[in-house]
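J.: Everything below, folded, please.
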Amino acid sequence: MEIINRFSLQDFLAYFFPGIVGACGLYLVLLLTPLRYSMAAVSMDLTAAILLLALAYAMGIILSGISAPITKFILKIRKLDEPRDAIPLPELEPGIILALKDVLKAEAETDLQWSATYFYLCRSIVQERLPNSAQAVSRQIGLRQLRENMLAPILIWLIAGIGWGMWSIVHGVVTWGVVLIVGSTISSFIVIVSITNKMYGNRKRAVREVCTAFLAGYSMGILESNTKENSQSTML
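T.: Residues are numbered from 1 along each chain as shown. Prediction:
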């Protein structure tokens, strides 16, 4: 049960779907190599299907490691601010800072500057004390992870499209080859920009959910009760 709690369905899907898409794209790329003769000799049965599904999941894990630096590179080029470094609700910022100071038992005069570190702290508190709000935050994190892991498979499909376009040109089908190359390049660019925007939106919504849930929980005394419980347990 502990393993199941730590490994959710969202984690599985965030690797499995990108793995399937990436595996299909890689298959198209390999068809351009001499390996196509070996792949044609493989018979598809239940055992092979299970192995392919397991391979797709493993490939999704590998591609997630490739997608992460791609994401950082794209965000750096687009010069998008890191949502976790600021509170997205300026009108609630003073209240959130005061609540955070109280929870941390910091002096009122302390100049507390919000950062990603405090976001992680607030998120941990929300996950511990506000499970319903934590589910909304987890959903945004899961969607963002799924979209991020799709970046590497998209690049694989771009390579496949360009490769098959060049193959068509070499074999005399020039028009179709050019359409494949241009179409693959433009569509991949559009999809990557769209996914990046959605990822950025997911992270902003996650930060917003954490901040509002933290302030609401503090206002209702939920976080205060946690502090009292910890104090009583320490005294005992």
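
J.: Give me the helices and strands touching the lengthiest helix in the chain, please.
T.: With secondary structure taken from DSSP state H, the chain has its longest helix at helix 174-219. When contacts are defined as 3 or more Cβ pairs under 8 Å, 6 or more residues apart in numbering; DSSP states H and E, helix 174-219 packs onto helix 46-78, helix 93-103, helix 116-129, helix 131-149, helix 151-170, helix 222-235. Placement of C-beta: from N, CA and C, glycine included.

J.: now do 7 Å
T.: Applying 3 or more Cβ pairs under 7 Å, 6 or more residues apart in numbering; DSSP states H and E, one finds that helix 174-219 contacts helix 93-103, helix 116-129, helix 131-149, helix 151-170.

J.: Put the alpha carbons of stretch 83-91 into CSV.
T.: Coordinates of each C-alpha in stretch 83-91 appear next as CSV, following Å, rounded to 0.1, in the frame of the first residue of the first chain:
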residue,chain,number,x,y,z
PRO,A,83,6.2,31.3,-11.4
ARG,A,84,7.5,29.8,-8.1
ASP,A,85,9.7,32.9,-7.4
ALA,A,86,6.7,35.2,-6.9
ILE,A,87,3.2,35.2,-5.5
PRO,A,88,0.8,35.4,-8.5
LEU,A,89,-1.9,37.3,-6.4
PRO,A,90,-0.5,40.7,-5.5
GLU,A,91,-3.6,41.6,-3.5
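
J.: re earlier: now the longest helix of the chain against helix 116-129, angle please.
T.: Interaxial angle, helix 174-219 versus helix 116-129 (axes from the mean of the first three to the mean of the last three Cα atoms, to 10 degrees): 70 degrees.

J.: what about helix 174-219, average pLDDT?
T.: Averaging pLDDT along helix 174-219 gives 94.

J.: likewise stretch 26-37?
T.: Averaging pLDDT along stretch 26-37 gives 84.

J.: got the buried residues for that stretch?
T.: Buried residues in stretch 26-37, counted by 16 or more other Cβ atoms under 10 Å: Leu26, Val29.

J.: What of stretch 118-127?
T.: By neighbour count on 16+ other Cβ under 10 Å, the buried set for stretch 118-127 is Tyr118, Phe119, Leu121, Cys122, Arg123, Ile125, Val126, Gln127.

J.: Name the nearest residue to the residue nearest in space to the middle of the chain, sequence neighbours excluded.
T.: Most central in the chain under Cα atoms, centre = their mean is Gln145, positioned 1.5 Å from the mean C-alpha point. Closest residue in space to Gln145, ignoring its immediate chain neighbours: Ala14 at 4.4 Å, by Cβ to Cβ, 6 or more residues apart in numbering.

J.: Having no further points to raise, I will conclude here.
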